[in-house]
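1. below are the sequence and a predicted model for it; my questions follow.
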Amino acid sequence: MDLVRMTCFQEQPPTPVSAIPRRSVVAVERYPWTSVLAVSMFLVGLSPRVAAHATPAALWIGTWATSPVQVDSHRSFNRQTLRQIVHTSVPGSRARIQISNLFGAQPLRIEDVHLAMAGDGSSILPGTDRRILFGGQPFVTIPPGATAASDPVAFPVPALGNVAISMFLPEPTGPPSFHPYAHQTSYVAPGDLSASRTLPNTEPVTSWYFLTNLDVQGDQLRGSIVTLGASITEGFISADNANHRWPDDLAQRLASAGLKIGVLNEGIAGNRLLSSGMGRSAEARFYGDVVEQPGVRWVIFSDDPINDLNSLTAHPTGDQLISAIATLITRAHEKRIKFLCSTLTPYEGADHWTPEGEAAREQVNAFIRSGTLGCDGVIDQDAATHDPSHPARYLPAYDAGDHIHPNEAGLQAIANAVNLTLFSGAIPSAAGQDR
């Protein structure tokens, strides 16, 4: 009888990271001798990463990703089909998905998973449906705290297109690992309908559940950029199903310039740099949401510190924020990932703005612009969005109305502030290829 191998990869960062939870990746295979070898290597103390199945000749590059959060979604699934729509950044000829049970309290059973081009509403385009397997099987059970990567499947993933990923949940899931603010409509239907062209009796949802990654292999792909941030990065205030988040706008610019570089939006609304808010802090989730992403070569660190400054409870100094950013830069460089720093956008007029917080924001921005922090590039989001006559506030044309979030025009201005020459030089070695 074949052994089913589940290899858990646990990051061992060289810098002290007591707050960082360990994230596991489950590789499920049905090869008896490789399974025995993997277990043997693990038992004798060799690196569990070595026990992974061989990396394909073509590297995996992320074309879409999202970050799950540990909050109560107030729902569970049982004998239902989830059809989730994601918007790609780069094309590929082969694809795989990743499903997360990172915050689950019980094993997660997934069956009958399908990949197709999305049509209108819950429909898929005829002739595009492909079944996805896990270790050659049409199902997978994922332990709590782990993530499963599927087998590759031949599938022409388009650039800047909508892909539908359907999965059947045959038994009670318990509270799901999910991303609450997708700004994208997906669908839930009763029964096993993953292969159906349309879904009857659907319930629309605007969160992503369990699904965290769509990865591709293809010609001339140059790696991926992770945009790590909070609600501004996530796309707060942007219209659902319009793909007007600033990382989407950046992906459009890259594609128009002929640069085949994936953009992975790891923004979480309410996220902070130093402490937990909505989701783990940027410090705590850096390895899972940046270093472990497939093909990551660059990270753009964006708006998390604004929530540290605009908090009722946490009031960090500029020095504390600068020190934490410097630590993230070190962690990125240890993994040969280029770290692109963003200045902090204005927020005077927001509910919890204070003169002390403004002073800290200005200190952080000055330090980033000085070039002494170790950034591999600077994206001046502040200069791109503030009112020249009142630099602590948004330009009125870019203000969503709450004075802390930009509107869609402001999100486009942020994307336009990214100098594409940051990605046109020599390519650093890829991280994230052992997932």
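-> Here it is on my side, so go on.

2. what is the subsequent helix or strand relative to the helix or strand bottoming out on mean pLDDT in the chain?
-> Every helix and strand in the chain was compared by mean pLDDT, DSSP states H and E; the lowest is helix 32-43, with a mean of 30. Moving toward the C-terminus from helix 32-43, the first helix or strand encountered (DSSP states H and E) is strand 61-65.

3. partners of that following strand, with directions?
-> strand 211-217 (antiparallel) (DSSP bridges).

4. buried residues in the partner strand?
-> Using 16 or more other C-beta atoms under 10 Å as the test for burial, strand 211-217 gives 211-217. Yep, even glycine has a C-beta here, placed from its N, CA and C like the rest.

5. next one: stretch 173-185
-> Quick answer for stretch 173-185 (16+ other C-beta under 10 Å): 173-184.

6. among those residues, which two are most distant?
-> G174 and H183 (25.6 Å; C-beta to C-beta).

7. returning to that earlier point: tell me the one of the buried residues of strand 211-217 nearest H403?
-> The closest of the buried residues of strand 211-217, once distances to H403 are taken by C-beta to C-beta, is T212, at 32.1 Å.

8. excluding its backbone neighbours, what's nearest that closest one?
-> The shortest distance from T212 to any non-neighbouring residue, by C-beta to C-beta, 6 or more residues apart in numbering, is to S100 (4.5 Å).

9. what bridges to the one you found?
-> With DSSP bridges as the criterion, S100 is bridged to T147.

10. per-domain residue ranges of the chain.
-> When the chain is parsed with automatic domain parsing, its domains come out as 1-48, 69-213, 222-423.

11. among these, which is the most enclosed?
-> domain 222-423 (a mean of 21; mean count of other C-beta atoms under 10 Å).

12. quick one: end-to-end length of it, please.
-> This stretch, domain 222-423, spans 9 Å end to end (C-alpha to C-alpha, to the nearest Å).

13. A strand includes H114, no?
-> Yes. Looking at H114 with DSSP: H, G, I helix; E, B strand; the rest coil, it is inside a strand.

14. pretty sure I268 sits against M278.
-> Yes. Using C-beta atoms under 8 Å, I268 is in contact with M278, at 5.7 Å.

15. pull up the overlap in contacts between those two.
-> V69 (C-beta atoms under 8 Å, 6 or more residues apart in numbering).

16. not counting its neighbours along the chain, what's nearest L214?
-> In this structure, L214 finds its nearest non-sequential neighbour in W64, 4.4 Å apart by C-beta to C-beta, 6+ apart.

17. residues near that neighbour, how many?
-> 26 (other C-beta atoms under 10 Å).

18. what does the one 4 residues further on give?
-> Residues near P68, counting by other C-beta under 10 Å, number 27.

19. excluding its backbone neighbours, what's nearest it?
-> Among residues not flanking P68 along the chain, S177 sits closest, at 4.0 Å (C-beta to C-beta, 6+ apart).

20. distance check, that neighbour against A284.
-> 15 Å (C-beta to C-beta, to the nearest Å).

21. likewise for F103?
-> 13 Å.

22. was I right about A164 contacting H87?
-> No. At 11.2 Å, A164 and H87 do not qualify as touching, with contact defined as C-beta under 8 Å.

23. tell me the secondary structure for the nearest residue to H386 once chain neighbours are set aside?
-> The spatial neighbour of H386 that comes closest, neighbours along the chain excluded (C-beta to C-beta, 6+ apart), is P346 at 4.6 Å. Assigned by three-state DSSP, the conformation of P346 is coil.

24. tell me the pLDDT of P346.
-> The score at P346 is 98. That number is its pLDDT.

25. repeat that for D240.
-> 97.

26. for it, give me its contacts.
-> So D240 contacts 183-185, 206 (C-beta under 8 Å, 6+ apart).

27. now do E111
-> For E111, counting by C-beta under 8 Å, 6+ apart, the contacting residues are 138-139, 167-170, 192.
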